[in-house]
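[1] heads up, no residue letters with this:
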């Protein structure tokens, strides 16, 4: 009896088979600008008096941004629309993502929801979440008795 080498992925060695079809399908899905989901990058910074949420939203217009607060959750929704420019040439590469997005952030109870502000400048959305007076740190002097 001859010994045969076991090759569990032998069918994948032939790129002309189903693997090529799978690769082409995945590449096509990922290259179409409307099929890739995206979410903006967000930084959250805490200072002594507030929380600052900064979201990068290049190419998004203010009218396409929606900010809501409900039950201790800040919801940031929006849409970056695909710029379908009619030119004589065609794209060589499309890497930016387009479409709708939604980000959800659970807020601590220390946030004063009545005083939240938002500003949109140069493609950056800044949401200022002030802290309640009770949540701000206080310094207490300790007296030493001799």
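    Received, thanks. Treat the numbers as computed from the prediction; the structure is a model and nothing was measured.
[2] can you tell me how far the spatially most central residue of the chain sits from residue 92?
    Centroid-nearest residue in the chain, with CA atoms, centre = their mean: residue 39, separated by 2.9 Å. In this view, residue 39 and residue 92 are 26 Å apart by CB to CB, to the nearest Å. All C-beta spots, glycine's among them, are computed from the backbone N, C-alpha and C.
[3] Repeat that for residue 134.
    Distance from residue 134 to residue 92, by CB to CB: 57 Å.
[4] Which one's more surrounded, these two?
    Between residue 134 and residue 92, residue 134 has the larger neighbour count (other CB atoms under 10 Å), namely 9 against 5.
[5] can you give me the helices for the chain?
    Remark: helices assigned in the chain by DSSP state H are 10-13, 18-31.
[6] tell me the average confidence for the longest one?
    The average pLDDT within helix 18-31 is 67.
[7] now swap in the first one and tell me
    Here the mean pLDDT over helix 10-13 is 57, rounded to a whole number.
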